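> With the sequence up front, the predicted model follows.
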Amino acid sequence: MNWRLKVLPAIALALGACATTAEPSAQTTQVAASEPSKPIPPRVSYPKDPYPSTYKPLPPQDVLIRNATVYDGLGGEIVNGSVLIQGGKITAVGSEAAMTMPAGTKTIDAAGKWVTPGIIDIHSHLGAYPSPGLGAHQDGNEVSGPVTAEVWVEHSIWPQDPGFTRAMAGGITAMQILPGSANLFGGRGVIIKAVPARTAQGMKFPGAPYTLKMACGENPKRVYGYGGGRFPGGAPFSRMGNVAGYREAWQRAHEYKRKWDKYNTDYDAWEKKVKSPAPKDGKDDKGPGDPPNAPDRNLELDTLMGVLNGEILVQQHCYRADEMAQIIDLSKEFGYKVSAFHHGVEAYKIADLLAENGICGALWADWWGFKAEAYDGIRENLSIVAKTKGGCAIVHSDDANGIQRLNQDAAKALADGRKAGIDISKAEAWTWLSRNPAKALGILDKTGTLEPGKNADVVIWSGDPFSSYTRADLVFVDGAVTWDRQNIDAQPVTDFELGQPGEGDRK
Amino acid sequence: MIRKLLLAASILAAIPAAVAQPTAIVGGRVVTNTSQGVIENATVVINNGRVVSVNTAAPPAGATVVDAKGKWVTPGLFAPFSRIGLAELDSEDPTNNVSAGGSDFQISLRAADSFDPDNTAIAVTRIEGVTRVALVGGNSKGLFGGYGALADTTGSFNSIFARDVVVYAEMGEAGASAAGGSRAAAWTWLLTAFDDAKTYPRGFADDNEGDLLKSKEAQALKPVVEGKVPLMIEVHSAPDILQVLSLRQREPKIKLILLGATEGWRVADEIAAAGVPVIVNPLTNLPDRFEILAATLENAGRLSKAGVKVAIADPNEATHNTRWIQQLAGNAVANGMPWADAFAAITSVPASLYGRSELGVLRAGATADVVIWDGDPLELMSSPDAVYIAGVATPMESRQTKLRDRYLNVDEDKPQAYERQ
């Protein structure tokens, strides 16, 4: 056969490409054929980002916020500090005297107020389990099987969930939406901005990685085992069944990855032969032969292969200390990394182990006792994880109410930690709300702290954000005001709430 | 059995009876919840389980003096709706006594008979300043959840101090569902139950049954229709609230308490005019059901402003996080409720709902439930330094503080299990 390289398939690099690059699908690649040579069959690969972000920031305004108590999100506090926002980015933080800006730049006097990075909730189900919690709105768990890594929670997100606007009022600027914890592998999570939009794509955080939700313990075994055989296989029925279920899936993922790695290696070799055919000396006139056949695509294993390739971050629901230790070994057995344990009610028992393995604990302040694996909850959990050398504490909500006041959860955890002798400043505790979740979500280069060059995701609080009397006054996402407590017209109202009692009220 | 008895003895020994020597808590900022208001640098004298005096006088000779300089001194918090002691683990049926869907009895069920003083949530709640709770069971078959009781948070075997203080009923969406599928069904159920109770025992002579209730259940409801025990009705939407208030024409004797009242602000004047108190969760602001579309964080403040008697609780967190009432009240203040009203909503107002004027206040003669706080009790970062219940300082530890102490430092040589807390 006479293969001729006419057009390099544009998708050749897709497997290694950044998830944000817009890539044409294999089906649409145009190959210009010229007789008598045949077009080169392109390498089979699939777009990494077929539902790309269409997020556009609200119109940003350059603004200098001055005279505030600033928590920079790195653990530092600046008294009488200023934050300069220009072009949707933070351009300066610290002393106003050291800042330069065009004359006439808008200023906000924040005397007596606090300024912080926006809060990032690493665990939310908004949009997938929206308000109202109708039967028709239960879109957060694909309960049909214990391994549903093929589902993507962004396909469940209803952007008209009024919970989004309540979260904005609570100083949230970004969040991770996760599938529920019914399954061992619940599916892909997605990172979104706290902004009103007509579509889920309009909320997606540009450049953020995908994530994978996994779950330990009682939920999967209750849903599948105790579910009375309603679901395929009736397993797992036990914690050991849970682990067997993870291992079986990861083994399949490895075999799948091996097939794709082999295909790509074979294609490379074949392509090389096409590009540089052996000289026709009569001894070897066979040419490069047919291109290698690509493996069949498997959407479930695509996600797991993404984890093994380091592109998708694992977010693991797990309560008990001993189970988290098992999961750490599981991740080593199959060669991937857990980004954060979520809920981690017993994280304080193995804070050293989490720190050694570079795994964050995404925790509540004080939910406990609703089931056996939540029995040993203590209010000092966050503080103990945070004070451990190398520890990474995150306050998370998992709740449409909790997401509205994660700063208050941090306050409770900080207060009890201090009472137990753990010396942590409020400024350090703010890292639990912005920097650490940004790190565990792979977006710390974009947001999570007040540093020049980062997205201007900023909150001005009416007072000390660790006080119960404080509310978010102004919330900025990418330098644009998404929520203004003083101006009811700058408080978004969802479609659902139009024409209903309480429409447009202070919420 | 011997081991159990020894254990019981040791618990009793840990909480001695009040001794006849006064204790004077001096120098604090005292919130009295009376016409005395807040008194700076005050002296609270307690003796024999009672408050002897609250003023700025020097402590009496011979009193044990407790320095509360720079602290806040308040009545113990009183949770108007709680389920501590009713469920050790919500999801484990054998430990969960909140409701009894399998029972033929509902109104007759008494929360006091389910209460477990060894429940670990009790100490967890107490060390956050809550000294008294109203225990209210839930409904799961029909509208009624049975009789609520009052308990202190000592964890002693005699924690229950009033057995039959309220009867719970659920209306609105959930009530409609429980009654067979519609609000009309719930309303007919409620009125029929009242009628059965009113005709008990006369109408039960033939077959021991009324139109709806068996004789035992009608007997249990009778004190409600006679106005001897208040009826706590959970209801949320403004129209549903108005319908419940309309009961007052048909059943003028019934003493109502509204639980939830999420859209109460829309009919605040009507609630105030009816003189019906409410127990609200000030943080409910999501239109999570069609009956609470108008939910707002300002509900508690608006009701209070309209003159409604407001108490604060989160019924969905009643088994394990009754302690959240501190945060709930603080947030009510953040959203427009005067501080004094918000604090009263978790102290004196709940006491008044159940007719206990000796609780929730600091005045001569009141029960000496006193909390010394390291700051404003409605602040998230404040917590109690000491909690007195009926004059006795209680242990500031719980199963959670023991777990904390065991794992605060994990670098010991021996496994933690060898460490006694």
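Yep, that arrived. Numbers count the residues shown, from 1 in each chain, chains lettered A, B, ... in the order given.

> C-terminal to the helix ranked longest in chain B, what's the next element?
Once chain B is assigned using DSSP state H, the helix that runs over the most residues is helix B:183-199. Next helix or strand after helix B:183-199 toward the C-terminus (DSSP states H and E): helix B:215-225.

> In that next one, which residues are buried?
B:Ser215, B:Glu217, B:Ala218, B:Gln219, B:Ala220, B:Leu221, B:Lys222, B:Pro223, B:Val224, B:Val225 (16 or more other C-beta atoms under 10 Å in any protein chain shown). Any C-beta I mention is one placed from the backbone N, CA and C, and that applies to glycine too.

> Nearest to B:Ser304 among these?
B:Val224 (27.0 Å; C-beta to C-beta).

> per-residue confidence at the closest residue to B:Asp211 other than its chain neighbours?
What sits nearest to B:Asp211 in space, not counting adjacent residues and going by C-beta to C-beta, 6 or more residues apart in numbering or on different chains, is B:Thr192, at 5.1 Å. pLDDT, B:Thr192: 98.

> still on that earlier bit, buried set for the longest helix of chain B?
Buried residues in helix B:183-199, counted by 16+ other C-beta under 10 Å: B:183, B:185-187, B:189-190, B:193-199.

> just stretch A:43-54 next, same as before
A:Arg43, A:Val44, A:Ser45, A:Tyr46, A:Pro47, A:Lys48, A:Asp49, A:Pro52, A:Ser53.

> same question, stretch B:170-181
Result for stretch B:170-181 [16+ other C-beta under 10 Å]: buried residues B:Glu170, B:Met171, B:Gly172, B:Glu173, B:Ala174, B:Gly175, B:Ala176, B:Ala178, B:Ala179.

> residue ranges of the helices in the chain, please?
Assuming you mean chain A. Using DSSP H, helices in chain A cover A:162-169, A:218-224, A:239-275, A:299-308, A:321-334, A:351-356, A:381-387, A:406-419, A:426-429, A:435-440.

> other chain: chain B
For chain B, the helices defined by DSSP H occupy B:2-14, B:111-114, B:120-126, B:172-178, B:183-199, B:215-225, B:238-245, B:247-250, B:268-274, B:299-305, B:325-334, B:339-344, B:348-353, B:399-407.

> Identify, from the buried residues of helix B:215-225, the entry nearest to A:Val151.
B:Glu217 (47.9 Å).

> Assess the claim that that closest one and B:Lys141 are in contact.
No. Counting by C-beta atoms under 8 Å, B:Glu217 stays clear of B:Lys141, with 11.2 Å between them.

> Pull up the overlap in contacts between those two.
By C-beta atoms under 8 Å, 6 or more residues apart in numbering or on different chains, B:Glu217 and B:Lys141 have these common neighbours: B:Gln106.

> Can you verify my assumption that A:Ala244 contacts A:Pro236?
Yes. With contacts counted by C-beta under 8 Å, A:Ala244 reaches A:Pro236, the gap being 7.1 Å.

> dump the residue contacts of B:Glu270.
B:Ile241, B:Leu242, B:Leu245.

> Once you drop chain neighbours, what's closest to the second one?
What that stands for is B:Leu242. Using C-beta to C-beta, 6+ apart, the closest residue to B:Leu242 is B:Val267 (5.7 Å).
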